[in-house]
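S.K.: Requesting a structural model of the entry that follows:
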Amino acid sequence: MSPHILAIMIFSLCTGTLITITSSHWLLAWMGLEINTFAILPLMAQNQNPRAMEATVKYFIIQTAAATMLLFASISNAWLLGQWDIQQMNHPFTLTMVSTAIALKLGLAPMHAWFPEIIQGLSLPTGLILSTWQKLAPLSILLQLPTNNSMILTALGLLSILAGGWGGLNQTQLRKILGYSSVAHLGWMILVLEYMPALTFMAFIVYVILTFSMFLTFWYNKSGTINALSTSWTKTPIISTMSPLILLSLGGLPPLSGFLPKWMILSELTKQELMLTATVAALSALLSLYFYLRLSYAMALTTPPNNLPATLPWRINFLQPTMPLAISTMISLCILPLSPTTLALFSY
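M.R.: Numbering: from 1, shown residues only. You can find the predicted model right below:
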């Protein structure tokens, strides 16, 4: 892709997200979501292969259906209540429809099946954008909605944690595993969104940092499957040492960084007297932890079944800058000691 076209697409991507985040009118928010969707389509289709084209078309259809549903719900709300403001979405029918549309846009269960399939057909950098930046705009709309749809959000959150953990158990493709991981983490964010939005934002920031590290690790490592990870120690020994810690951090294992948001979310749910919800979420997180352990085992504790050592790759010469991976890895491993400062920052 031409650098000029790439710059225009990235600028449009940022502009669409910012329009949605800063708007309180439904038409402006819808316009920002549409700009966001159309800006990422050329990035998804830049690899000229049938799998990428299929993923691009699927993504376009899903996002268009969700945006149409959202526009219909906002028009219905204006017809019923005479309000175009996002925070005045008070009619139960329109509120349910908007929540469903945003869940479809985000890839929340039970509308999650498209996300791992689409991310499997994309390159890892584009999949990283789809898993992180593209979640900001719908989350900002969900944050502005009235708080009288707690049952819907709790159901979506618990189903996403279960579906994200259960769906990733039998996968061998790394991008699908990261897709199901995204579904599960979104479930944790949605679960506490109504009670403490700042905690949702903190969980999203921690998730973005950890996911950024893992996508770049697999991209630099040129790995697409779990079996390919078994040669990591010969190609990238330092990355193979750090990556299991980041994977276990994604699983929420103490005393690593990913434990902080899960711990705080469970604490907040307990304060809201939702002990059953907190227990189900905590037990469902064990499903995700299993496939993170599986990846960690493949990277750190296995050797490839090869009798000829000369055929193994040895030390990749990176063509991409490695500084982003180094910075994100260090931040991923050092967030937890800074947790008091982090919590104080997000409490304002």
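S.K.: buried sites along stretch 165-180?
M.R.: Buried positions in stretch 165-180, judged by neighbour count with 16 or more other Cβ atoms under 10 Å: 165, 167-168, 171, 174-180. For the C-beta atoms, the positions are set from N, CA and C on the backbone; glycine is no exception.
S.K.: now swap in stretch 187-207 and tell me
M.R.: Applying 16+ other Cβ under 10 Å to stretch 187-207 flags 187-197, 199-204, 206-207 as buried.
S.K.: Reformat the buried residues of stretch 165-180 as CSV; add pLDDT.
M.R.: Shown next, in CSV, are those (pLDDT from 0 to 100):
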residue, pLDDT
Gly165, 92
Gly167, 91
Gly168, 89
Gln171, 89
Leu174, 92
Arg175, 93
Lys176, 93
Ile177, 93
Leu178, 93
Gly179, 94
Tyr180, 95
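S.K.: Narrow these to those in helices?
M.R.: Among the buried residues of stretch 165-180, DSSP state H puts 165, 167, 174-180 in helices.
S.K.: Count the neighbours of Tyr220 for me.
M.R.: 19 (other Cβ atoms under 10 Å).
S.K.: And it, which helix or strand is it part of?
M.R.: helix 197-221 (DSSP states H and E).
S.K.: So Leu178 sits against Leu210, correct?
M.R.: No. Using Cβ atoms under 8 Å as the test, Leu178 is too far from Leu210 to be in contact (10.6 Å).
S.K.: Can you name every helix or strand that the longest helix along the chain contacts?
M.R.: Identified as the longest helix of the chain according to DSSP H is helix 50-81. Applying 3 or more Cβ pairs under 8 Å, 6 or more residues apart in numbering; DSSP states H and E, we find helix 50-81 packed against helix 26-44, helix 92-106, helix 114-120.
S.K.: re the thing from before, can you lay out the buried residues of stretch 165-180 as JSON lines showing distance to Leu338?
M.R.: Below are those laid out as JSON lines (distance: Cβ to Cβ, whole Å):
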{"residue": "Gly165", "distance to Leu338": "28"}
{"residue": "Gly167", "distance to Leu338": "32"}
{"residue": "Gly168", "distance to Leu338": "29"}
{"residue": "Gln171", "distance to Leu338": "33"}
{"residue": "Leu174", "distance to Leu338": "29"}
{"residue": "Arg175", "distance to Leu338": "30"}
{"residue": "Lys176", "distance to Leu338": "32"}
{"residue": "Ile177", "distance to Leu338": "28"}
{"residue": "Leu178", "distance to Leu338": "25"}
{"residue": "Gly179", "distance to Leu338": "29"}
{"residue": "Tyr180", "distance to Leu338": "29"}
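S.K.: Tell me the one among those nearest to Ser249.
M.R.: Distance to Ser249 across the buried residues of stretch 165-180 (Cβ to Cβ) is lowest for Leu178, with 14.1 Å.
S.K.: Could you list the low-pLDDT ranges of the stretch 201-348 of the chain?
M.R.: 304-318, 339-340, 342-343, 345-348 (pLDDT under 70).
S.K.: Start from the N-terminal end of it and give the helices.
M.R.: Secondary structure of the stretch 201-348 of the chain (DSSP state H, counting those that start in this stretch): helices at 232-235, 237-250, 259-271, 275-300, 323-334, 339-346.
S.K.: how about CSV for these, with distance to Lys58 added?
M.R.: Shown next, in CSV, are the helices of the stretch 201-348 of the chain (distance: least, Cβ to Cβ, whole Å):
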stretch, distance to Lys58
helix 232-235, 31
helix 237-250, 26
helix 259-271, 30
helix 275-300, 24
helix 323-334, 29
helix 339-346, 35
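S.K.: which other residues reach stretch 202-216?
M.R.: Under the criterion Cβ atoms under 8 Å, 6 or more residues apart in numbering, residues 124-125, 127-128, 131-132, 135, 139, 178, 181-182, 185, 188-189, 192, 243, 246-247, 249-250, 257-258, 260-262, 264-265, 324-325, 328-329, 331-332, 335, 342-343, 346 lie in contact with stretch 202-216.
S.K.: can we see that at 7 Å?
M.R.: Applying Cβ atoms under 7 Å, 6 or more residues apart in numbering, the external contacts of stretch 202-216 come out as 124, 127-128, 131-132, 139, 178, 185, 188-189, 246-247, 249-250, 257-258, 260-261, 265, 324-325, 328-329, 331-332, 335, 342, 346.
S.K.: follow-up on the earlier one: which positions within the longest helix of the chain qualify as buried?
M.R.: Using 16+ other Cβ under 10 Å as the test for burial, helix 50-81 gives 52, 55-56, 58-60, 62-63, 66-67, 69-71, 73-74, 76-78.
S.K.: Pull the number of nearby residues for the closest residue to Phe259 other than its chain neighbours.
M.R.: If the residues on either side of it in the chain are set aside, Phe259 comes closest to Gly252, at 5.3 Å by Cβ to Cβ, 6 or more residues apart in numbering. Using other Cβ under 10 Å, Gly252 has 25 other residues around it.
S.K.: Next, the angle from the longest helix of the chain to helix 92-106.
M.R.: Put simply, helix 50-81 runs at 160 degrees to helix 92-106, going by axes from the mean of the first three to the mean of the last three Cα atoms, to 10 degrees.
S.K.: hang on, the earlier thing: nearest to Ile102, of the buried residues of stretch 165-180?
M.R.: Distances from Ile102 to those, taken by Cβ to Cβ, are shortest for Gly179, at 18.3 Å.
S.K.: Nothing else from me, thank you.
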